[in-house]
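> Here is a sequence together with a model predicted from it:
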Amino acid sequence: MAAVTPLLSTRGLRRSFGGLKAVDHVDFDLPAGEIRAIIGPNGAGKTTFVSLICGRVLPSSGTVTFDGKDISGLQAHQRVRAGIAYTFQITSVFANLTAFDNVALSVQRRLLDGKDKSGALHDGVMDALQKVGLTGHANAVAGKLAYGHQRLLEVAMGLALKPRLLILDEPTQGLSDGEIANFIALVRDLSKETTILLIEHNMHVVMELAGRITVMEQGRILAEGTPEAIRADADVQRAYLGA
Amino acid sequence: MTGRAPSGRVFALHAAVILGLLILNFVLPEYHRGVFSRVLVLAAFAMGYNILFGYTGLLSLGHAMFFAAGLYGAGLPVYHLDWSVAPAFIAGIVSGAVLALAIGFLALRTTGVAFMIVTLMFAQVFYLITLFFTTYTRGEEGLVIRQDLRHLRMGDLDLALTDPSLRYLIALVLFSAVLIVTLFIVRSPFGRSLVAIRENEERMRMLGYNVFTNKLAAVVLSGAFCAASGAAYALLFGYVGSGFASIQYSILPLLWVLLGGAATTLGPLIGTLFMFYIVDFTSGFMPAYLLVVGAALILLILFFPKGILGSIRERWAPWLP
Ligand SMILES: Nc1ncnc2c1ncn2[C@@H]1O[C@H](COP(=O)(O)OP(=O)(O)O)[C@@H](O)[C@H]1O
Ligand SMILES: [Mg+2]
């Protein structure tokens, strides 16, 4: 790949839960502008790995470098401000607030940091809702939205932060085929401005979107390469694709 | 179209409440005007408690210490050092805010039940301190601030805080100020952040919010409001005693807020008023009145778990802040 410094790298990243090595000495590089998919069986450590990157979970050892700076010592909220957004695998919206107010919390945070004008809040929220196709649900209470719509709202909250790295943890789980098609178009569009790290089980989505794929198994990186290379890899087939 | 509570209605309602209370000064019989004066001051205490409990979702069992910090912070300098009323009031607020900053800094390392216990223990320490320095505080017996010290003097103006009408009006000014600031906070980005932290702290962190500093700010504001109430109480009613630092005064604001409606701007007033009159009414003709009060509270919470105003908001007026 290109010789420029990657947007994100991890070195020797480890995390154990009791005796279980959820993430086991992972060295990982992600160049800016890429859509990277992480695949692997349930329990492979994908969620734990990205949680170490965004600071939700503390590492047992190892470092995370973002944009050339060591961010290992930063707290989760500081990493978000540095430009890393995470959307939860288990939908985590504000159930009692409207979709509008959910996204407004993202936009508000972003505006607090910058020097945007008033009116920017409303526009920023509607822009994010429009991107995920939830404009018509702006005033609906989040907890009463259909499951698929809650997933999309989760994504809208992430992208409304205008992050430099957007981590999506199984975003298409529970979406209909039509919604998945829209989602693919959305991520392609977002990738013009944002680097994307996508944990995904749906191989169709992975093959459509990913520039490169990282395969995890038992806390380690088993393989990494282009979609074609991964599809052809015998180890991967045995471990994951089940062929 | 997309949006948020209609501002016009909200401001009109709050203005009407304040205006209504102003009119009551001129129509209430003397006894009830006295009750209302006390209720208005204590409603400010309840509103302060509501910032933390209702909006931020942190249940403190130690807010008596913030009320008492205001009470002593204002009362002691007047009693012992002949301070005049205005600087004493400020001293009361500052005492509460500084105490809240220190307590918040330590107690916010915990959540849930641990937070309740830690705040309870700090308040108990505060209570014991007021007893320990009994030379200055006279402990449970307390201090009575002389009437001639309770004058607000500005230039040629000399207002006696002991005058019932003036006392009511000053209580109303305090109440209105705290109400308006609360309304402002609740509708601000900061207030929305507090509610969101109450709803889902982890998500807020992952939206880039510093949850700890937001909560700390809520504790300090809450402490400052409660202290303002305590300071006003000392100066208006002229009594400063350890009883106000006891556990009872940590439980009362919780009950007032629950009764009126947690996380509603006007609920604390309704709850405080309601409870005063239940106690007043029942104690008039039965010795076991606290039993009746307890039963009434249990019934209310059973049928209106969100409190009076919370239930109204849920059923009829979702726009209420
Ligand atoms: N908070 C936790 N406590 C204990 N074990 C955990 C925790 N989080 C994850 N694990 C374990 O770590 C392993 C990796 O989990 P996870 O990262 O969620 O995998 P994936 O996202 O690939 O399905 C699993 O065996 C899981 O049970
Ligand atoms: Mg996972």
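In hand now; what should we look at? Ligands and ions are numbered 1, 2, ... in the order given.
> Spatially, what comes nearest to residue A:12 if we skip its sequence neighbours?
Nearest residue to residue A:12 in three dimensions, chain neighbours excluded: residue A:62, at 4.1 Å (Cβ to Cβ, 6 or more residues apart in numbering or on different chains). All C-beta spots, glycine's among them, are computed from the backbone N, C-alpha and C.
> Where does the one you found sit: helix, strand or coil?
strand (DSSP: H, G, I helix; E, B strand; the rest coil).
> Against residue B:83, how distant is residue B:183?
32 Å (Cβ to Cβ, to the nearest Å).
> how about low-confidence regions in the chain?
Answering for chain A, as no chain was given. A:1-3, A:114-119, A:239-243 (pLDDT under 70).
> My question was about chain B, not that one.
B:1-5.
> which residues of chain B fall in strands?
With DSSP state E, the ranges of strands along chain B come out as B:143-144, B:151-154, B:157-160, B:239-240.
> Quick check: phi and psi on the closest residue to ligand 1 within the stretch 1-150 of chain B?
Residue of the stretch 1-150 of chain B nearest ligand 1, by Cβ to the nearest ligand atom: residue B:111 (17.4 Å). The phi/psi pair for residue B:111 (degrees, to the nearest 10) reads phi -140, psi 170.
> Number of residues surrounding the residue nearest to residue A:12?
Burial measure for residue A:62: 17 neighbouring residues, criterion other Cβ atoms under 10 Å in any protein chain shown.
> ok, now which ones touch residue B:13?
If you count contacts by Cβ atoms under 8 Å, 6 or more residues apart in numbering or on different chains, residue B:13 has them with B:266, B:320.
> Return the residues in contact with residue B:215.
B:56, B:58, B:104, B:108, B:194, B:197.
> redo that, cut-off 6 Å
By Cβ atoms under 6 Å, 6 or more residues apart in numbering or on different chains, the contact set of residue B:215 is residue B:108.
> And the helices in chain A?
In chain A, the helices defined using DSSP state H lie at A:46-54, A:76-82, A:99-113, A:120-132, A:147-159, A:177-190, A:203-209, A:227-232, A:234-236.
> Kindly report the same for the stretch 201-321 of chain B.
Assigned by DSSP state H, counting those that start in this stretch, the stretch 201-321 of chain B shows helices spanning B:201-205, B:211-237, B:248-260, B:267-285, B:289-303, B:307-315.
> how deep is residue 197 tucked in, by neighbour count?
Defaulting to chain A. Residue A:197: 25 neighbours (other Cβ under 10 Å).
> looking at chain B here, not the other one
23.
> Can you give me every residue that contacts the closest residue to it other than its chain neighbours?
Distance criterion Cβ to Cβ, 6+ apart; nearest residue to residue B:197, sequence neighbours excluded, is residue B:204 at 5.1 Å. Contacts for residue B:204 (Cβ under 6 Å, 6+ apart) come out as B:196-197, B:211.
> can you check residue B:195 too?
residue B:55.
> where's it relative to ligand 2, distance?
Going from residue B:195 to ligand 2 by Cβ to the ion, to the nearest Å gives 29 Å.
> The residue of the stretch 101-250 of chain B found nearest ligand 2: how many residues sit nearby?
Closest contact between the stretch 101-250 of chain B and ligand 2, by Cβ to the ion, is at residue B:206 (15.1 Å). Here the number of neighbours of residue B:206 (other Cβ under 10 Å) works out to 27.
> Now it: closest residue in space that isn't a chain neighbour?
Excluding the flanking residues, the one nearest residue B:206 by Cβ to Cβ, 6+ apart is residue A:86, at 5.3 Å.
> Cross-check the contact I'm expecting between the one you found and residue A:167.
Yes - under the criterion of Cβ atoms under 6 Å, residue A:86 makes contact with residue A:167 at 4.6 Å.
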